[in-house]
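Undergrad: Starting from these lines, generate the structure:
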Amino acid sequence: MKIIIVGDGMVGDTLIRYISGEGHHVTVIDPVPARINRVVNQYDVQGVVGNGAGHDVLQEAGVSDTDLLIAVTGSDELNMVCCMLAEKLGASRSIARVRNPEYFRERGFVRDYMGIDFVVNPEYEAANEITRLVRFPAALKMEAFAKGRVDMAEIHVDSGHPLIGQKLATLQQTYGVSVLVCAVLRGEDVFIPGGDFVLCEGDIISITASHRELSRFFGRLGLMDKPVRDVMIMGGGRCAFYLAEQLLSLGMGVRIVESDEVRARELSELLPQAAIILGDCSDSELLEEEGIAKADACIALTENDEKNSIVSLYARSHGVERVIARIDSDSLVKTMAGLGVDCIISPRRVCTTGVLRYLRGLENSKKIQSKLRRAGKSAELSGSVGDGDRTFGIVSLYKLCNDRAEAVEFNVDETFRALGVPLMSPDFKLKKNTLIAQVVRRNTVIQPHGSTTLEVGDSVIIVTTSGELTELNDILE
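TA: Predicted coordinates:
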């Protein structure tokens, strides 16, 4: 597919790496020549120096026959203008990064009246993930599927963990819950495990189940004894605002440390139930005065990776049990994990996942239309295939095991080649290193077994290490 990416900042660079790596034809627009030179030399992409909202610049980038334009500059307004102009000039679809809460709340209007197909907000999505992590204090990462009916948690089997030596075939019998270990990262190796797999100390495992069953499982492991009630947030940016709104709605106490006086006043007005503390979160005396040691969770969300790292380590040294840090630097992520802060959030990676989900779905829709044309039929994209914040066949996409495996949620439709075929049947030929993790049918979560079938209308969650999935038929040999 032909894709234009406007903006080569941290988010743009991550998108360029992933999207070009999946074999798409990518053109990058940025006003800074040094950025374009670097990205052209580093990746297999083309570059155009200029303003992405400029008519001539977009024409030079080939906008008239572009499948998708993605605008991820630092300006919401510029991103929206880029998308509007691109679609007027012939681009098939567009994605805008929109972070301002006022604009984001009106994303329905942005889509319907400005012609922007998909709105992505990294800070809002990161706040969603942090909220899930706060509710499951033992998890390193959390993701929700099937409209919240299914959860996937990544946990570390550390020293003394009750799962050490556990054979997966006996997991449900041992704990009396319906859960599935769908991926294991052991050192540098990733496994899609079978029933004979035995867990070892040091494993990082991905577990999926219904929300209720996962809560029961964590409880029986003794990992949910102390619920989080008091949260300290370091930094009062957009992500902190979205997060505080969510935590307050759950009845948690929220304290935000913000160094900018004007922003602190804004937060006081926007979040009257939260305690806003004016000061530098790297000031140890301030943190001690404010009782950081009594907090159930500390979440470092400043714009500075190094400051977030230092504050996180300080909180950990004072006995805070749940520490989450916003860190975008890949090298620093590895360093912090080695120092005991392994629960790390990156808004740019969250943004990338959302865009990849949309892109894979767009590829899926093209395949569907191609099949219909070959069959002598015609079809226009509609709500049944995908529109707005819904995607084409792919509902959710989540990277796990250090990006070396994926969990993808599909809606099952009549184009699936193995409809009604039991999973254990020789006619259901699943690709190697691919697992059907969960099936949701009429709001009921089904953990698959040999006699399970996939039917039209089901939601199905697939875990794989075998490559990118763009449609459900990709899981079959």
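Undergrad: Name all residues that make contact with V408.
TA: Contact partners of V408, counting by C-beta atoms under 8 Å, 6 or more residues apart in numbering, are 360, 394, 396-398, 461-462, 464, 469. Heads up, the C-betas are built off the backbone N, CA and C, glycines and all.
Undergrad: let's see 10 Å
TA: Taking C-beta atoms under 10 Å, 6 or more residues apart in numbering, we find V408 in contact with 145, 356-357, 360, 393-398, 437, 460-464, 468-470, 472, 474-475.
Undergrad: Thought V48 was touching I36, still the case?
TA: Yes - I36 is within contact range of V48, at 7.2 Å (criterion: C-beta atoms under 10 Å).
Undergrad: what residues are shared contacts of those two?
TA: Contact with both I36 and V48 is made by residues 28-30, according to C-beta under 10 Å, 6+ apart.
Undergrad: Just those residues: which are in helices?
TA: Applying DSSP state H to these, no entry is found in helices.
Undergrad: for those, which one is nearest G54?
TA: Nearest to G54, judged by C-beta to C-beta, of the shared contacts of I36 and V48 is I29 at 8.8 Å.
Undergrad: give me the beta-bridge partners of the closest one?
TA: V6, V48 (DSSP bridges).
Undergrad: Relative to A86, how far out is it?
TA: I29 sits 10 Å away from A86, going by C-beta to C-beta, to the nearest Å.
Undergrad: so what sits against both of these two?
TA: Jointly contacting I29 and A86 under the rule C-beta under 10 Å, 6+ apart are 4, 6, 52-53, 58, 61, 63, 69, 71.
Undergrad: would you list those in JSON lines and tack on neighbour count and secondary structure?
TA: As requested, those are exported to JSON lines (neighbours: other C-beta atoms under 10 Å; DSSP: H, G, I helix; E, B strand; the rest coil):
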{"residue": "I4", "neighbour count": "26", "secondary structure": "strand"}
{"residue": "V6", "neighbour count": "31", "secondary structure": "strand"}
{"residue": "G52", "neighbour count": "28", "secondary structure": "coil"}
{"residue": "A53", "neighbour count": "22", "secondary structure": "coil"}
{"residue": "L58", "neighbour count": "28", "secondary structure": "helix"}
{"residue": "A61", "neighbour count": "26", "secondary structure": "coil"}
{"residue": "V63", "neighbour count": "25", "secondary structure": "helix"}
{"residue": "L69", "neighbour count": "30", "secondary structure": "strand"}
{"residue": "A71", "neighbour count": "29", "secondary structure": "strand"}
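Undergrad: The residue sitting nearest the centre point of the chain: which element?
TA: Centroid-nearest residue in the chain: V350, 4.0 Å away (criterion: C-alpha atoms, centre = their mean). If you go by DSSP states H and E, V350 is part of helix 347-374.
Undergrad: model confidence over that helix, on average?
TA: This predicted structure assigns helix 347-374 an average pLDDT of 74.
Undergrad: Appreciated, that's everything.
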